[in-house]
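S.K.: next one to model:
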Amino acid sequence: MRIERLSLLLGSALLVVATVGCGGGASTPSQPAGPSRPKPAPTVSLKGDPIIGQQKFQGTCTTCHGPNGTGLPKLGKNLVTSEWSKSKTDAELLAFLKVGRPALDPLNTTKVDMPPKGGNPSLTEKDLADIVAYVRYLQRG
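M.R.: Just a heads-up that it's a prediction; the model follows:
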């Protein structure tokens, strides 16, 4: 199964990165004394998990895009072959998923609402990044 092979490949890659990436580096100079600056809010890595993304996709996106992302007639676009989605960066796709596209938008060719977060307000930014990773996996076919 493709997901199992992907899982094994990702696990191997993480092991290599963990082994190689643990080397030392130059120390960073300490900051001068003074008022402390607020730490920036943590951001979610755009490197989503396609296995988790598949589960999230199945629970939200299949209603319009079908179980394999190939789209359903008069509902959702085929995400596997879509030049539009392939031309976007992961960050751009994630941003699009957050806001969706209303039916009246001139760029909406299906004339069916693409609601924010696919209509699932409980999806987090990490969930959306996982969905993007799964769509990218489908596109590699």
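S.K.: which residues of the chain fall in strands?
M.R.: For the chain, no strands are identified by DSSP state E.
S.K.: any stretches of the chain with poor pLDDT?
M.R.: By pLDDT under 70, the low-scoring segments of the chain are 1-45.
S.K.: the same query, at a cut-off of 80, please.
M.R.: Residues of the chain meeting the criterion pLDDT under 80: 1-46.
S.K.: for Pro73, give its distance to Gly66.
M.R.: Distance from Pro73 to Gly66, counting by Cβ to Cβ, to the nearest Å: 10 Å. In short, each C-beta sits where N, CA and C put it, glycine included.
S.K.: now Gly48
M.R.: Per Cβ to Cβ, Gly48 is found 20 Å from Gly66.
S.K.: looking at the two, which one has more neighbours?
M.R.: Higher neighbour count among Gly48 and Gly66: Gly48, with 25 against 17, using other Cβ atoms under 10 Å.
S.K.: phi and psi next, for that one.
M.R.: Backbone torsions of Gly48, given as degrees, to the nearest 10, read phi -80, psi 170.
S.K.: in contact with it, which residues?
M.R.: 90, 126, 128-134 (Cβ atoms under 8 Å, 6 or more residues apart in numbering).
S.K.: just the buried ones from the residues you listed?
M.R.: Neighbour counting by 16 or more other Cβ atoms under 10 Å classes 90, 128-134 among those as buried.
S.K.: these in helices, which ones?
M.R.: 90, 128-134 (DSSP state H).
S.K.: can you map out the helices along the chain?
M.R.: Going by DSSP H, the chain shows helices at 2-20, 50-60, 62-65, 83-87, 90-99, 125-140.
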